[in-house]
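Undergrad: Sequence unavailable; structure follows:
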């Protein structure tokens, strides 16, 4: 669920963003914005996670980086073999064999990572992703529905451009009877 909030400091609920357990560590989410003078500002927020969820998020990120590196090496190797042997079919065959092997190893590694997750984990990757900003309006993609609801309730005064789902979370609260502000964005 995409949630837009206005400001610089936000309340991230005191529960693991993935499984809802008590958080013992954090994972950083970073982003940048350009102001009117074309200066770039960097933002970093610490999202609470439990150790098990942080471990599986990091494992998946390392797996994706390793996969990218091995795919690049495989394509380079196939192209090099095709050039050296003057037979492009041989290079394509080697590349496809290497890519198939990488896909099989990644599938098995993903199954092992997923098996190591706690039972109530929402997903294997990051549960909170920073999408971007427009001035002081920052947008987060919150994957876990229970964490998104807690985030919306904790930051109810800073919510802007509320979607239907965000407005439905605020509807049955004492402060939900008021209109959520809308931020008008100048289109280029």
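TA: Cool, the structure landed. Computed from a predicted model, the values in this text were never measured in an experiment. Residues are numbered from 1 along each chain as shown.
Undergrad: any idea how far the helix ranked longest in the chain is from the chain center?
TA: Across the chain, the longest stretch assigned as helix under DSSP state H is helix 51-85. Computed by CA atoms, centre = their mean, to the nearest Å, the separation of helix 51-85 from the middle of its chain amounts to 19 Å.
Undergrad: ditto for stretch 137-157
TA: With CA atoms, centre = their mean, you get 14 Å for stretch 137-157.
Undergrad: coming back round to it: buried set for the longest helix of the chain?
TA: Residues 52-54, 56-57, 59-60, 63, 67, 70-71, 74, 78, 81-82 are the ones in helix 51-85 that count as buried (16 or more other CB atoms under 10 Å). (C-beta placed from N, C-alpha, C; glycine too.)
Undergrad: Run the chain-centre distance for the helix or strand just after that helix.
TA: Sequence-wise, the next helix or strand downstream of helix 51-85 (DSSP states H and E) is helix 88-115. Here helix 88-115 is found 24 Å from its chain centre; the criterion is CA atoms, centre = their mean.
Undergrad: tilt between helix 88-115 and helix 51-85?
TA: Orientation check (axes from the mean of the first three to the mean of the last three CA atoms, to 10 degrees): helix 88-115 against helix 51-85 gives 170 degrees.
Undergrad: And helix 88-115, what does it pack against?
TA: On a contact count with 3 or more CB pairs under 8 Å, 6 or more residues apart in numbering; DSSP states H and E, helix 88-115 meets helix 51-85.
Undergrad: Let me see the mean pLDDT of the helix it packs on.
TA: Average pLDDT, helix 51-85: 90.
Undergrad: Can you tell me which helices and strands that helix packs against?
TA: On a contact count with 3+ CB pairs under 8 Å, 6+ apart, helix 51-85 meets strand 25-34, helix 88-115.
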